[in-house]
Every structure is written in C-alpha cells, then in structure tokens.
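Enquirer: below is the sequence, then the predicted model.
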There are 4 protein chains.
Amino acid sequence: MDFSSDTSAPAHPSVIEAIAAANSGNQASYGGDDVTARVRGELSRVFETDDFDVWMCGSGTASNALALSVMCPPTGAILCHEEAHIERDERGAPEFFTGGGKLQLLAGRDGQIDVQVLRDALAAIDHGFVHGTPAQVLSLTNLTECGTAYSAVQIANYCAQAHQAGLRVHLDGARLGNALVSTGDSAADMTWRAGVDVLTFGLTKTGAIGCELIVLFGAMREKFVDLQARAKRSGHMPAKMRYIAAQAEAMLTGDLWLDLAGQANDRAQQLAEVLLASSGAALTHPVDGNEVFVQVSEAVVTDLRTAGSKFYPWPGGSQRFVCSWQTSDQDIAAVKATLNTH
Amino acid sequence: MDFSSDTSAPAHPSVIEAIAAANSGNQASYGGDDVTARVRGELSRVFETDDFDVWMCGSGTASNALALSVMCPPTGAILCHEEAHIERDERGAPEFFTGGGKLQLLAGRDGQIDVQVLRDALAAIDHGFVHGTPAQVLSLTNLTECGTAYSAVQIANYCAQAHQAGLRVHLDGARLGNALVSTGDSAADMTWRAGVDVLTFGLTKTGAIGCELIVLFGAMREKFVDLQARAKRSGHMPAKMRYIAAQAEAMLTGDLWLDLAGQANDRAQQLAEVLLASSGAALTHPVDGNEVFVQVSEAVVTDLRTAGSKFYPWPGGSQRFVCSWQTSDQDIAAVKATLNTH
Amino acid sequence: MDFSSDTSAPAHPSVIEAIAAANSGNQASYGGDDVTARVRGELSRVFETDDFDVWMCGSGTASNALALSVMCPPTGAILCHEEAHIERDERGAPEFFTGGGKLQLLAGRDGQIDVQVLRDALAAIDHGFVHGTPAQVLSLTNLTECGTAYSAVQIANYCAQAHQAGLRVHLDGARLGNALVSTGDSAADMTWRAGVDVLTFGLTKTGAIGCELIVLFGAMREKFVDLQARAKRSGHMPAKMRYIAAQAEAMLTGDLWLDLAGQANDRAQQLAEVLLASSGAALTHPVDGNEVFVQVSEAVVTDLRTAGSKFYPWPGGSQRFVCSWQTSDQDIAAVKATLNTH
Amino acid sequence: MDFSSDTSAPAHPSVIEAIAAANSGNQASYGGDDVTARVRGELSRVFETDDFDVWMCGSGTASNALALSVMCPPTGAILCHEEAHIERDERGAPEFFTGGGKLQLLAGRDGQIDVQVLRDALAAIDHGFVHGTPAQVLSLTNLTECGTAYSAVQIANYCAQAHQAGLRVHLDGARLGNALVSTGDSAADMTWRAGVDVLTFGLTKTGAIGCELIVLFGAMREKFVDLQARAKRSGHMPAKMRYIAAQAEAMLTGDLWLDLAGQANDRAQQLAEVLLASSGAALTHPVDGNEVFVQVSEAVVTDLRTAGSKFYPWPGGSQRFVCSWQTSDQDIAAVKATLNTH
C-alpha cells in the first residue's frame, strides 16, 4: 500500500527483460546503437509522423530543463503554472540550464493555467521594454501537478494563443500516458497536432527505470544539434545509451505504456471511491489520472498510516495518493478494509 | 574485435542480475532505498574508512562536473592536464556546472602532469591579483587519458604540493580499477590516504551500465548538502536510485570491479605484444591499464579494419585500442591472425 | 516638467566639479586611488561604524545583483516583493549573477511585503526538501517600488524574522536618501542596526552620474574578496575608479545627498497636492518620498502631455510622476497652471 | 614618471568639459539622449559606413565579454592568444557572460597568434564530435598584449581564414588608436573591411574616464537586440548614458583619440631609446604602440624605482612601461637622467 509516488514502484518486468536482451555484444556508444534506432521507428508510429527528432535521457528534471534551454534564451522568461514541477520540484534546473532565464508564474484552478490569466500575461509582453524579461515559452504539464488532465482541444487552444504572441510551447509529459488514457486523445492530437513544439515524454513514472524522451517537432528540429551539445555538457548523453533505448522500446512496443497508465488510472478511480466513502472526505481536485488529492480526517490518516499505507500530505491540508502500474486490487482492498474498521 | 571503447561493451551479467533482483516491491525514491544503504557499507570496506559521503549517478561527465562544482567557485580555476577528459571530452561541463570557472591546462608526458610544470603553476598563483583567476583545485586522472597509471605515491606527492598551495585535489577515476590493478595500490592508498579530497569513482567503463560515484572524503563532507542540491538541479538525482545502487553493489561485492579491470588490463598487454610484432610498430605510451596507444603502418590499420576490428585514430597519428572486461582470447587471436597473414 | 524618472535629471554641479577636481595627476587604478580612500572615511561617519567593507560601481542593477550573488548560492532563492526592481526591471540580473538562483515573490500593499505573507514564506522553508529551492536571502527595497518608505523599525522587524529563519537581509537602497528623509531615521538605524547585512546604497538617482555602493556590514565582510572577484568578472571594477569615488565624495560630504533627497521629496508633496486638486484624482499609494502614483482622468493626462509634462503610465491604470533634485517650483507651478486651465 | 598603466592617467580635459557640457537639462535615460545620437554620426565618419550598431558602456572587460556573448553559444569555444586580456586579466568574464563557453589558447610570438597555429586549430574543428567544444569565434587583440600591432592586412588574413572555417571574428581594440597610428591603417580598413564582425572599441586607455563601444558590423547587427538585453542584465545599461556618450563624442570629434594615441606612441619610442641605452638592455617585443617591454638590469630597475618611476615586472623577467596621452617630455627626460647617473 505504497501510494507515495509512482517512482517508488519497481519497473515493469518487460523493461528488465529488454535491458537483459540488450546486454549482448558490443554496440556503438552515445546513441549509435541498434536499439536507439528502433525506438525512433516506434515513435513514428506513436506520433503518426516522421517530422521529429528525439533525445533520450534518464532524468525527467533534465529532460524538462534541456528542452527549455533550447527554447528560451538566458534573457527570456517561461510562462508556467505556479505549481508546475519545473517551478516547485526541480531546484532551479530551468534557470540553471537556460543560463539564468526566469519562470513567470500563472495561477489557475486544479493545476491548470487559467485562460484569462494566460491571455493577460501574453498581452502584457513588451519586447521593447529592455528592463523586463519577455516570455518566450509557454510550458504546460499534462497530467498537471494536481492530477488533472488537459484535453487535446484545450492544449490546442493554449498553443494557438501562445503562438500568436510569438511564444513556443513546451509540454511536460511526465505522466503523458495517464493524460492520454484519461482524455481518450491520441498522442499526435495531444502534441504536435495541437501545436506543441517540444515534448518531454516521460516513461519513468509509467513503468520504466529511468527513461525520458525529449521530442522536437517540426521547426524545432533545427535545435537538435544544440540539444545534443547541451545534453553532453550536462551529463545527459549516456555512453551506453542502448540501456535507456531498451526501456523505451519495451514501453512503446504494443503500447505497453498506455496499458500501464490505464491500469494506474483505474486504480486511482477505485481508490478515490473508497476514500470518499469515509466520513467528511472530499476530493481537492478531479481524479483524471493516477493521482488522488483528497481531504480526509486526521483519524483516517492515522489509521491508514498505522495499517501501512504510505502517502504524502499536500500543501493546503489534503493528502496525495499516487497509483502506479503495480498498484493492485489488494492494495485498494486493504485501504477499504482499514476504513471499514474505522 | 571491438576495441573502440570500453563503453561499447555490454554490462557484466552480474549487473543485469542485480538490477533484476532490485526490481521487486516498492522502495523509497531518490536514494532512500535499501540497496543504496548497502552500497555505503561496501564502500566502507573498499576504502577502509567511514569518513566519507557518497552520491551516485549515471554519468561520468556529470560526476566530474558535480565534484568540481563543490570544490571550485565560479571565480576560480582548476588545474588539469591539457589532454584531460574534463578539458577535451566533456563539452564544457566543468565550466557549466561551476558557473563559469576556468580550466588551466598543464603539460606533461604520457598524460601525466609534469611535476615541474605543476610546481611552477602553483608558485604563480596570486590570490591578490583580482584580474587573474587563481587555481583552487587540482584535478588528476587515473588512468590518465594516455592509458598510463599514476602510483599512489605519485598521487600523494601531487596532493602534498597542491594542499600546500591551498588547493583541493579531485581525482577522476573513470578507470580507477585499471589503475589500482596496474599499480597494486589499494583504493584507500590511492585516494584519501594520498590526500585526494573528492573522487569520481567510475564503474561504467569497468562493466556497469551507468554507475559513477562521487565520494567526498573527510573535510569535504561538509559539501555534501550542496552536492545533493546541485545533483538535483542538474538532473542527476534519479527517482529510482535503487537501479544505480544495484549496479554498484554488484560491482563492489567480492571486488568484481577489480577482477574485471584486471582482465581488461591483461588483454591490453596481450594485444600490445601482438601489435608490436608487426613491422615498424611502436607504443606511443606505456600500457599500464586497458588501453594501447600504438603507431602502426597504414597497411596494418587497413588490414585490421578489413578484418572487422574497430579502433580509433588518435591525435598525433597513433591508434587507440581499448580492451574491456569482455575482450576475449579470441579477439586477441583474431588480431594476431590478421597480422600474420599480413 | 520632466517627471519621467530621477535618472533623466542631470547630475548635481558638485558632482561634476568633483570629477574635474579628481582629474589631475596619475592615480593607482582599480580602487587604489586617494579619492576612494577618502570615501571610506565619509561612509564611516554616515553609518557611524567602521565595521563594513564597500565596493563602488556605476550601475544599480549590477550593485543589487553583485550583492545578492555573495549572499545566495545558485541553489537558493531570494524572497522579494512581487513588484521589486530586481524582479521587474533588471532583466534577470539576479538569476545571472547568482548562477541560476530563484526569486520567490511575496505580495503586499503599497510595495511593502506583507508581514503575514513573509511569516508564511519563512515557515514554509524546508531545507530538507532537496527538490525545492529554499530561500536564503530576504531582499527589501526602500523606498519601495510604490514610492513608500519602510521605517527603521519596520526594517528591523523584517530582519529579525529573516535572521531567525536563517536568512540574510539585503536592502536595495536605490532611493535610500529619500526614505531616510521621509522617516527621519538615521542611515545606521535603517541599515546595520536594523539588521541589514548588505546594502545597495544608490546615489545615482539622488544626483550623481552613476555611483552605487555595495556595503557589506559585520559578518558579511568575509565575502568582500568574493565580491571583488565577481565585480571584476562582471565588468564592474572600473580601471579609473577615482571618478566614481569623486561622485560619492561629493554627494556624501556635508550630507549633500540628504539635502537633495529632501528637495525631491518636498517637490513630490507639492506635486501630489496639485494633482489631487484635479477632479476625481486619487493617490494610488502614499507619497512618502519623491514619487507620486496617482489616478487622474484621461483629460488631465492629455492636457499635461500637451503642455510638455513627461511621466509614465503605470500598471493598473495610474500615472507615475518622479521628482528629482532638479525639479523646480516652476515645474510644479507649470503643472498647476495646466490643471487650472483645464 | 608613472608608467604603470595608461589607466592610471587622468582623462583628457576635453572629456571633462564634454561631461560638464552634457550636464544640462533633462535627457531620456538609457541611451535615448541627444549626445548618444550624435556619437553615432561620429562613428559613421570614423568607420566610413552606416552599416553598424553600437552599444556603449564604461568597462572594457564587460565590452569584450558582452561582444563574445552574442557571438559564441554556451557550448562553443573562442580562439585567442594564450596571453590575451580575455584569458589572463578578466577573471573569467567571457566564461561568465557566455554561460560557460571555453577559451582555446593559441601560441605565437610577440602576442600575435601564429598563422600556422591558427590554421591547425581551424583544421581540427570537428562539429560532429559532440564531446569536444568547437570554436565558433576568433578573438584578436590590437595592440596585442605584448604591445605589438597587427596591420590591417594581417587582420584581413586572419579573418579570411576564420570565416572560411565558419567562425566569426572579434577584435579587442582596447588600444585600437595606438594600433591605427602605428600601422597607418584606417579604422575602416582595420575592422569591417578586413572582416571583423564585432569590435570592442576602447577609448578609456586612450584618454576617456570609462568609455568603451561595442560595434556590431553588417550581418552581426541582427544580434543588437540580444546585446542590449545582455547589457541590461549585466548592469551595463547606464541610466544616465549621456555621460558616457559625452566622453565618446569628445574623443571622436576631430579625431582627438588618434592624436592622443599618437602622442603616447611617440613617447614610448623615446622611452625605448632611453632604456636601450642602458648597458645590457634589450627589447622583449617590438615597440609598435605605447608600451615598452624591456629587459634591463636589476640595478636599473632599482634606480628607476628609487627615482620615482612606476612600472610593472612582467612574466619572463622583463619590465613593462606604458605611456599615456599624458606622458610628457619631462617624464622621459627624468628616466634618462636617472640612467645617466647610473
């Protein structure tokens, strides 16, 4: 009953098998291997296009920061939600990788940037005012930090606004699979067709060991050489790239990543129902994906902890429960049993 | 017959087994797991001390740069050999991680910093000259970039000089195992007992997938909190740390890393003998570890390439052959056969 | 009738005379000159202490950023008001100079950080949460960006809170003279006695050409060598320092700076009265110093512009008028005349 | 008899007069003033073109670093002479402003990059080798750090080579006037006509207080907006720009700067003759401009110091004497008198 994070789960067995299978014979270092080449083919299928370039690394924080560093100059700013992972949980990585760029924080309910707040922020950009720091990138997150999902239509709307104001759009897809399953949108519709310029495509939380893909779509492909150079100098060009590629291949083949994300989402729905049955419980945010943010009584918190459940208190007094591909019927049942005896 | 790099070899099977074994049940993220705790124990044995702190990540470039970033301020310089990996092969990572620190290059034969050159450089440091950039760190590499090994006594001598001038000493041990086997020195004698303040302890080239340890000894432990913060913001705090820890545990247990390094060294000796038997061949540098730098005729190069051998031409006209734990008797025999038919 | 900024005014004649007087004979470069030495004496008198170190440069933006760069590591954050000059008007200078540190924005009326908002922010600092960016500095501004003045007692209260939470305090005193005259506090009471660790002491807006002093008090003096090195590498170590020192000497001698600040404050009071006499006019913020933020009708704006007055529209719909040492009775009378004909 | 540096001299009286003259009435801040506009006209005349953009600031270090920061990405390198000011005397400013770019040092006699050394360095650039840091800029200095002058023909030759290899060329002209007078070349021939892309045009050492111009020629003008943003965030956008502009105007009008540079050059010739008359004296480098590098006996050094002469010992055992616009016949005569009594 570990609901602390989807990163505390083990990797899916297919991932381990793929790593073992890749561990045979010599392969060119630094991405010149066969597995890496095959991943590109899988991505073409998933995103229904060949008009992209991709870089893989083991870290979600680095993937976001590297992506932003080829989108935003040191003298520019990045618009994001005030609770975005890049703001709250990456220890200044975007500022470090961009060479001192700024994050400009936007408010909005349920982790989603308010449409009017964005409109005002875009309208206020003044490239002629050299003292200020004009925004050059809009960074969205899907699932959001509150576990809610933007639809592809929403994303497209944000992108249209941002593009009209001359900005590029980054999508932090650390939990992209959960968002896709939740909304029923396709990966293509949610990303490049909606106008996303650069995607951080996370597979770590979905079930890999450490596997994140930075995908440059269309015109942003011209930044690929720069991206590689920045990956190298930040230590995100693994010598033995094949082992990250093997993870990606395992997750993408047969859309395993979407199956696992779907499982985690289902468990979150079940868990939410169980938790809401306790007296006075209330969801803080809609449960669109694999995360449940809920207000429950202190007694419930204590009982669950005593019974062995792990989960984090969240700012504002709620609790966060995260389900992973490995969260089982038994885990949910155990929570239910604890609450019933309550 | 792939002698292109020790990073083109697969990982040792024990490493894969350890990863598979670690893939069970939930574990705390970001280094709070059981495997990480056990690695510390192994390190105490290897280094014969408990007076250290350790951080693990998947990248050698990052490990060097993170180590240097807690040793050298943005306004300082790092002394290193002019052919050092941190100068030639890391795309400015030290400059990036230190926030603009400088590398000051020192000459010397066979990849080893000349003792007199170092003495002169240390004597020239003028902290009162605000326009210059005073060196604050000496970075050594063992094996050097020319495949030679410093002995523990040599390292101790460099450290004594550097410390007397107020500098800290960093040791880039990407091939530390090869150096230890070559010299017969102990890990403790080669590092903290010799005066090394911070060690980059590489296991990737020795036989792991991606496993590098930054070890802070003694007084440098006060920088551990800073190191963690910098690791986080550069994307080198893996969420699922247990899988890097599992690699380290597999390599350290029973001193597997030294066995593998020894095998690679032995193969390099055999390979050197074989190559030297060709007419006009000459070593460019002594073969202390698992690398052979050799001048051979163009005809030999062509024949070997035609027969399927992979190796890199090196600046100055020589060829570099790298042996790994997986280089086999057959690989050496194949080279010999090719040269015999020549 | 130029109320656009106190930086559009010429320098006080004494400043020009001092520069001319300094222009005789050779002097040591980079701050080794006689004038620089004399400035230190004047500062001892002004601040009633010798326990400080000082660096001079020509830029307020640089002075703030240099000060912050010796107070906040790249992995830390700086608390400041959401309208602070360091956030809105310095194009990311603090992020650049600190190597990627973050600004954490705090709300509050009239440009002053709300006491409760600060308390909450300090309470939320969690040094153990490596993913977040813990605040290490509180930066206050006096006069604030809204032209209001903190009293020395207020400053002391903020400092006490910040220090208790382990933070250092920076005071951006670009308009320190205006704040001192407004509150009647002494320079010592407003700064080190209140607990300010590092002061940016601006004389440019008060009447110099370009003359800003970074003053490190007490324990922060240990950062002076670092400050000098950072000043050098950012181009803020003028070779011919004597000409900046001459400005400082002219302004400090006989407390000319306070006289000039007082004149500007007086004019702002007069101007506010005149503007408030127009129908429907209302102050947006109290007029503590030399700036008037006022809501006036579009007709008044048009008439004043037509009559030759210069001033900037401000976010939120108000207008900002800034008085300088050179704003004259005639300037105020001219505004009055324009409004009367209205 | 102060030969320590041309920055220890006072400013030319015309500069002070121009500052005083500019000190009248209000002017737009940040470069929007009338004087700044007039400087542009003077520059058109001096450089015989209108195809340039210019930014002014008070610091030579900053001017070099700002220029380089719009020419070289953080992942690139800058070729320069191993004794270049940007390497030895700017405390890592280029690394800081570029965000971690590297300097690649080239050897050559008399402070001039050896033609073959440059050719080899250019030939070795491998943009496909992501681990290395490919040079993107060649930075020349004229006068060199050894006081020698490149001719316009030489500069053109270097530029042609660099351009062919895809690099941009920066010219550090801290003593450009001295070089022009020495070679007899025109400012246009020495800069944009020779192929220089960005010029740091120094007037401080020639006789101003602090006045350096960054001139972007031709295609590099597209970087002007970026340059301004970087100037702002590094504190090199003076609010009261008119006072820097006034210095430039004074120096450029009637080619005062060339007259002053010529005077300083003449004095250096005279000084060299006087010094060479002492027994065993020898020039270390040709005296092309206003600097004399000379080997003299310890006795001569002692006698000159005792008689009040100031000059710096130089690496390698020589002494550096710098003449400025203010060095007088009497200064030279005093040295001669000292040596005669020797």
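Expert: Sure, I can see it.

Enquirer: do stretch A:157-166 and chain D meet?
Expert: No: Stretch A:157-166 is not in contact with chain D by C-beta under 8 Å from any C-beta of the partner chain; minimum separation 13.2 Å. All C-beta atoms are positioned from the backbone trio N, CA, C, and that covers glycine.

Enquirer: packing partners for the helix or strand harbouring residue A:95?
Expert: Secondary structure from DSSP states H and E places residue A:95 in helix A:93-98. Packing partners of helix A:93-98 (3 or more C-beta pairs under 8 Å, 6 or more residues apart in numbering or on different chains; DSSP states H and E): helix A:60-69, strand A:102-106, helix B:224-233.

Enquirer: how about it: buried residues?
Expert: By neighbour count with 16 or more other C-beta atoms under 10 Å in any protein chain shown, helix A:93-98 contains the buried residues A:93, A:94, A:95, A:96, A:97, A:98.

Enquirer: same check on stretch A:328-342?
Expert: A:331, A:332, A:334, A:335, A:336, A:338, A:339.

Enquirer: sorry, back to before: using CSV, write out every CA atom in the helix holding residue A:95.
Expert: The C-alpha coordinates for helix A:93-98 follow below in CSV (Å, rounded to 0.1, in the frame of the first residue of the first chain):
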residue,chain,number,x,y,z
ALA,A,93,17.0,23.4,-13.1
PRO,A,94,15.4,25.6,-15.7
GLU,A,95,17.2,28.6,-14.5
PHE,A,96,20.5,26.6,-14.5
PHE,A,97,20.1,25.1,-17.9
THR,A,98,18.9,28.3,-19.6
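
Enquirer: stretch A:215-231 and chain C in contact?
Expert: No: using C-beta under 8 Å from any C-beta, stretch A:215-231 stays clear of chain C, coming no nearer than 14.3 Å.

Enquirer: residues making contact with that stretch?
Expert: Applying C-beta atoms under 8 Å, 6 or more residues apart in numbering or on different chains, the contact partners of stretch A:215-231 are A:43, A:47, A:49, A:51-55, A:57, A:66-67, A:69-71, A:97, A:168, A:191-192, A:196-201, A:214, A:237, B:91, D:73-75, D:127, D:130.

Enquirer: counting neighbours, which of these end up buried?
Expert: A:43, A:47, A:52-55, A:57, A:66-67, A:69-71, A:97, A:168, A:191-192, A:196-201, A:214, A:237, B:91, D:73-75, D:130.

Enquirer: and the residue in the stretch 101-250 of chain A positioned nearest to chain D, what's its pLDDT?
Expert: For the stretch 101-250 of chain A and chain D, the shortest gap (C-beta to the nearest C-beta) falls at residue A:229, measuring 3.9 Å. Reported pLDDT at residue A:229 in the predicted model: 98.

Enquirer: how much space separates it from chain C?
Expert: Distance of residue A:229 to chain C, given as C-beta to the nearest C-beta, to the nearest Å: 19 Å.

Enquirer: show me the contacts of stretch A:215-231 that map onto helices.
Expert: Assignment to helices by DSSP state H places the following of the contacts of stretch A:215-231 there: A:43, A:47, A:66, A:67, A:69, A:97.

Enquirer: which residues touch the residue lying closest to the first one once chain neighbours are set aside?
Expert: Translated: residue A:43. Spatial nearest neighbour of residue A:43, chain neighbours left out: residue A:54 (5.9 Å); criterion: C-beta to C-beta, 6 or more residues apart in numbering or on different chains. Applying C-beta under 8 Å, 6+ apart, we find residue A:54 in contact with A:39, A:40, A:43, A:213, A:214, A:215, A:216.

Enquirer: so which elements touch the helix or strand hosting the second one?
Expert: It stands for residue A:40. Assessed by DSSP H and E, residue A:40 sits inside helix A:34-47. Of the remaining helices and strands, those touching helix A:34-47 by 3+ C-beta pairs under 8 Å, 6+ apart are strand A:52-57, helix A:187-190, strand A:212-217, helix A:242-252.

Enquirer: ranking those by burial, who's on top?
Expert: Highest mean neighbour count of those: helix A:242-252, a mean of 28 (counted as mean count of other C-beta atoms under 10 Å in any protein chain shown).

Enquirer: now residue A:291. Nearest residue, chain neighbours left out?
Expert: Going by C-beta to C-beta, 6+ apart, residue A:291 has residue A:147 as its nearest residue, at 3.3 Å.

Enquirer: now the phi/psi pair for that neighbour, please.
Expert: phi 80, psi 10 (degrees, to the nearest 10).

Enquirer: which parts of chain A sit against chain C?
Expert: A:74-75, A:77, A:88-92, A:95-96, A:99-103, A:105, A:130-133.

Enquirer: pull out the buried members of those.
Expert: Among the residues of chain A next to chain C, those classed as buried by neighbour count (16+ other C-beta under 10 Å) are A:74-75, A:77, A:88-92, A:95-96, A:99-103, A:105, A:130-133.
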